[in-house]
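> 3D, please:
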Amino acid sequence: MSRIGKKEIIVPSSIKTKIDNSTILINGPKGELSYVISDLIIIKKIDNKIILEKKNNDKKTQAIYGLSRSIINNMVIGVSQGFEKKLIINGVGYRSQMNNKTLILNVGYSHPIEINTPKDIEIKVENNTEIYIKGINKETVGQIAAKIRSIRPPEPYKGKGIKYINENIKRKIGKAGK
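Now for the predicted structure:
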């Protein structure tokens, strides 16, 4: 059983929250996010804390209870600090560059791969091999990072490909010669 939902969310003073029926709107220095909460959950704001309560005590309500708390907490963190993912490109001749709001990847295919940046995400390239993805929504930052990584995931023999900064790739031994 999830105990995450029971934790209260502490809202910093620089962030404004507004609750309308089942919609919560969180506004902070980095931007604004909103989320529609399920009918199974009751949301209350007391002083600088947001508290969630369950209407029922079944499995589905319990699952949505913890999920809603995590999403709202990530929204509070996102509008105050933001989220960042870092990708590293390994491989001879593999490189990346930005062209306006388009990320161009040259990762061993016969053509460069172009990825358009969503409006609330910022992508920055350093040294042609390091890609920084920043944004206020944790879900979209992770989704864009996963999309970029899926273009050329790291392979286990030489480690070539696109990987997260803290990702550990299990290496395999190549074929043994005589």
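
> and the helix or strand hosting residue 147, how far out from the chain middle?
Residue 147 is part of helix 138-151, with elements assigned from DSSP states H and E. For helix 138-151, the separation from the chain centroid amounts to 7 Å (computed by C-alpha atoms, centre = their mean, to the nearest Å).

> what does that helix rub up against?
Applying C-beta atoms under 8 Å, 6 or more residues apart in numbering, the set of residues contacting helix 138-151 from outside is 74, 77-78, 83-85, 87, 103, 105, 107, 113, 115, 117-118, 120-121, 123, 131, 133-135, 162-164. Yep, even glycine has a C-beta here, placed from its N, CA and C like the rest.

> let's see which of those residues end up in strands.
83-85, 87, 103, 105, 113, 115, 121, 123, 131, 133-135, 162-164 (DSSP state E).

> pull the number of nearby residues for residue 19.
Residue 19 has 14 neighbouring residues, counting by other C-beta atoms under 10 Å.

> oh sorry, the question was meant for residue 85
19.

> residue 57 now?
Residue 57, neighbours per other C-beta under 10 Å, totals 8.

> show me what residue 53 is bridged to.
Residue 53 has these beta-bridge partners by DSSP bridges: residue 42.

> tell me the confidence at it?
We have a pLDDT of 87 for residue 53.

> tell me if I'm right that residue 39 and residue 54 touch.
No: shown here, residue 39 and residue 54 do not form a contact pair, counting by C-beta atoms under 8 Å, at 11.4 Å.

> what about those two, which has more around it?
A count of neighbours by other C-beta under 10 Å puts residue 54 above the other of residue 39 and residue 54, at 16 against 11.

> got the contact list for that one?
5, 40, 41, 42, 61, 62, 65.

> of those, closest to residue 19?
residue 42 (10.4 Å; C-beta to C-beta).

> got a list of what residue 134 touches?
Residue 134 sits in contact with 82, 83, 84, 121, 122, 123, 124, 141, where contact means C-beta under 8 Å, 6+ apart.

> buried ones among the residues you listed?
82, 83, 121, 122, 123, 141 (16 or more other C-beta atoms under 10 Å).

> how is the protein divided into domains?
Domain segmentation of the chain under automatic domain parsing yields 9-80, 83-164.

> compute the first-to-last residue distance for the first one.
Separation of the first and last residues of domain 9-80 by C-alpha to C-alpha, to the nearest Å is 14 Å.

> cool, and stretch 128-138?
25 Å.
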